[in-house]
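In: please find the sequence and the predicted model below.
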Amino acid sequence: MKSIFFDEIDNTQDFAINEFKKEPLLIVSKVQTSGRGTNQNKWQNADQSLATSLVFNKKIINFTKTLIPLLAGYSYVSLFKNKNLKLKWPNDIIFKNDKVGGVLVEENNELVCVGLGVNYFWENPFLPGAGAIYDEKQDDQKIFQDAEEWGKTILNYIKNEDFSLENYTSKLTTLGKLVEYPEGRGWAKDINADGSLMIETPSGELLNLTSPLISEIK
C-alpha cells in the first residue's frame, strides 16, 4: 500500500481514483475543501478531523462486495482499545451517542474507493447529533498513523477473507431498535450475509434494507 499525506486537499476520493496505478493507494488529509458524504451530502470539517480514502482494484476482493462498507467501519472502530466506539448500521461511527464519522464507498470502473471521515476534535459542533472522539486536539502524526492502520486492516481482511459479521455486530448499536427508513419503520432484527439489514415491520413482514438512510428511534 502506498500512502500520500496532505495538510489540505479538495477531495480525497477523487484524488485517490485519479492517482491510482497498480498497488492500493491511501490518501490522507487533515482538511477537505470539497469533500462529500453519503447521499452526496457536503463534508463538514471539524476543528481537527481525518479525511482519508483507500483505492484498490476490485479484482482483489474475494468475498461479498456489499460487505465493504461494513468492513470499513469496523476496521476503524476496532483500532481503538481505549475508546468505546460503536457503529450504526451500516457504517456511521458513534461515540457517546454522537456521530463522529462515517464511510463512503464508491466504484469507478475497475476500482473501489473507500472513504473515511472522522471528527477528532470539535469544540462547538453546529450539526445536531454530531460530536468528536477527543476533548482536545491530537498530534497530527497520530491521525496519519490511524489512517494507515485503517487502510492496512482493510487490506488484510480482504487478503485473508476473514471478515466476521459476528465481530461487526458486537460493535453495532442498531439491532433490536426501532428504526425509520424512507418507506416506513420497523425493528432491526439481524444483519444478513450480504450486509443488508433485516427489518420486521409492525405488520410482521420481514424486509431487507440496503440503503443506509435510516435513523434509530430511541
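Out: Good, I have the coordinates.
In: now the helices for this protein?
Out: Remark: helices assigned in the chain by DSSP state H are 12-19, 68-77, 140-160, 165-169.
In: out of those helices, deepest packed?
Out: The highest mean neighbour count among the helices of the chain, using mean count of other C-beta atoms under 10 Å, belongs to helix 68-77: a mean of 25. From N, CA and C alone the C-beta is placed, and that goes for glycine too.
In: any regions of this protein where pLDDT drops low?
Out: Applying pLDDT under 70 to the chain flags the ranges 36-43, 218.
In: tell me where it has strands.
Out: With DSSP state E applied, the chain shows strands at 2-6, 25-29, 48-57, 86-88, 92-95, 98-108, 111-121, 178-181, 184-191, 197-200, 206-209, 215-217, listed in chain order.
In: helices or strands up against the second one?
Out: Looking back up the chat, that one is strand 25-29. If you count contacts as 3 or more C-beta pairs under 8 Å, 6 or more residues apart in numbering; DSSP states H and E, strand 25-29 packs onto strand 2-6, helix 12-19, strand 48-57, helix 140-160.
In: repeat that for the third one.
Out: Applying 3+ C-beta pairs under 8 Å, 6+ apart, one finds that strand 48-57 makes contact with helix 12-19, strand 25-29, strand 111-121, helix 140-160.
In: sorry, back to before: reformat the helices of the chain as CSV; add distance to residue 3.
Out: CSV is the format used below for these (distance: least, C-beta to C-beta, whole Å):
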stretch, distance to residue 3
helix 12-19, 11
helix 68-77, 16
helix 140-160, 6
helix 165-169, 25
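In: closest one to residue 1 among the ones you listed?
Out: helix 140-160 (5.8 Å; C-beta to C-beta).
In: and the protein, what are its domains?
Out: Listed by automatic domain parsing, the domain ranges of the chain are 2-169, 178-217.
In: of the ones you listed, which stretch is the most buried?
Out: domain 2-169 (a mean of 18).
In: sorry, back to before: closest to residue 129 out of the helices of the chain?
Out: Using C-beta to C-beta, the helices of the chain put helix 68-77 closest to residue 129, at 17.0 Å.
In: would you put the C-alpha positions of that closest one in PDB?
Out: Written as PDB, here are the backbone C-alpha positions of helix 68-77 (Å, rounded to 0.1, in the frame of the first residue of the first chain):
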ATOM      1  CA  ILE A  68     -17.100  -3.500   2.200                       C
ATOM      2  CA  PRO A  69     -19.000  -0.600   3.800                       C
ATOM      3  CA  LEU A  70     -19.400  -2.700   7.000                       C
ATOM      4  CA  LEU A  71     -15.800  -3.900   6.900                       C
ATOM      5  CA  ALA A  72     -14.600  -0.300   6.500                       C
ATOM      6  CA  GLY A  73     -16.400   1.000   9.600                       C
ATOM      7  CA  TYR A  74     -15.400  -2.000  11.700                       C
ATOM      8  CA  SER A  75     -11.800  -1.700  10.600                       C
ATOM      9  CA  TYR A  76     -11.700   1.800  12.100                       C
ATOM     10  CA  VAL A  77     -13.500   1.300  15.400                       C
END
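In: dig out what residue 130 forms beta bridges with.
Out: residue 99 (DSSP bridges).
In: residue 96 is in contact with that one, correct?
Out: No. The criterion here is C-beta atoms under 8 Å, and residue 130 misses it with residue 96 at 11.6 Å.
In: hmm, back to that, and of the helices of the chain, who's closest to residue 92?
Out: Closest among the helices of the chain, once you apply C-beta to C-beta, is helix 68-77, at 7.4 Å.
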